[in-house]
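Trainee: 3D model of this:
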Amino acid sequence: MIGVDRTALATAERKDLADFLETLEPEHWERPSLCSEWTVRDVVAHLISYEEIGLGEFAGRFLRAGFRFGRMNARRLEEFGARAPAELVVYVRAHARPSGPTAMADARIGLTDGLIHHQDIRRALGRPREVPAERLEPVLDFALMAPPLPARRNVRGLRLVATDLAWSHGSGEEVTGPGEALLMAVCGRAVALPELAGPGLATLESRVRRTG
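Mentor: Reported below is the predicted structural model:
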């Protein structure tokens, strides 16, 4: 997607998330998300917890966490603290434009993290939406190369074909379905697997359930 302003896409995604979060009742914030052991509140806090951290500090944190993203994220979430839902919404709006680590890779980190976690919340709460194609396509591409995500391992030897986008990836037995469901499944969200089809689905499902 030549000429796409991914910073603008990431900013729009976060603004949409903030709008959605304002519709939630207090109890929704304490419900489980699709992220293991994280509530909706935890996911929102994680999403914007690195915005005021410089790249040097981020690198130091990654080193101290033994180069483990999960460990680093857990520590940062604990440091970020239990902020009230209203505070988190204000923070998301104030940091709608990615900065620091999330602005890296032409803001694709911020866009990818924001879009996937937005869906982690919406799917868990049974509040679906139609993800704008101009945001979904670059996230599908980037998710398949981003080291913290399991997508690259999960799709090895498979061909993914979106049924609602002009997007495909890889070679081998096909897995087909809506682009958003493909994204969530390959990123380890087993809840999206029933929305997919194709001869490669059994292989993908075994990988997702083994690593999920």
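Trainee: drop to CA atoms for contacts and neighbour counts, all remaining ones
Mentor: Fine.
Trainee: Let me see the confidence value for the residue of the chain positioned farthest from its centre.
Mentor: What lies farthest from the middle of the chain is P199; by CA atoms, centre = their mean that is 26.1 Å. According to the prediction, P199 has pLDDT 98.
Trainee: That one: what secondary structure?
Mentor: coil (DSSP: H, G, I helix; E, B strand; the rest coil).
Trainee: Let me see the contact set for it.
Mentor: By CA atoms under 8 Å, 6 or more residues apart in numbering, the contact set of P199 is 173-175.
Trainee: Buried ones only from the residues you listed, please, as a PyMOL command.
Mentor: Paste this into PyMOL to select the buried members of those, with burial taken from 16 or more other CA atoms under 10 Å:
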select buried, resi 174+175
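Trainee: how close does the residue farthest from the centre of the chain sit to M184?
Mentor: As for P199, its distance to M184 is 19 Å (criterion: CA to CA, to the nearest Å).
Trainee: I'd like the next helix or strand past the helix or strand D19 falls within.
Mentor: Element membership of D19 [criterion: DSSP states H and E] is helix 6-21. The helix or strand immediately downstream of helix 6-21 is helix 40-48, counting by DSSP H and E.
Trainee: Any chance you could list what contacts the next helix or strand after that next one?
Mentor: Downstream of helix 40-48, the next assigned helix or strand under DSSP H and E is helix 55-64. By CA under 8 Å, 6+ apart, the list of residues contacting helix 55-64 from outside reads 50, 68-69, 72, 100-101.
Trainee: change it to 6 Å
Mentor: Helix 55-64 is contacted by residues 100-101 when judged by CA atoms under 6 Å, 6 or more residues apart in numbering.
Trainee: Go through it and flag the buried ones.
Mentor: For helix 55-64, the neighbour count (16+ other CA under 10 Å) marks 61-62 as buried.
Trainee: Return the distance of it from the chain's centre.
Mentor: Relative to its chain's centre, helix 55-64 lies at 21 Å (CA atoms, centre = their mean, to the nearest Å).
Trainee: Kindly report the same for stretch 164-172.
Mentor: Per CA atoms, centre = their mean, the displacement of stretch 164-172 from the mean C-alpha position of its chain is 19 Å.
Trainee: Over to stretch 18-29?
Mentor: 18 Å.
Trainee: Please list the outside residues in contact with that stretch.
Mentor: By CA under 6 Å, 6+ apart, stretch 18-29 touches 40-41, 89.
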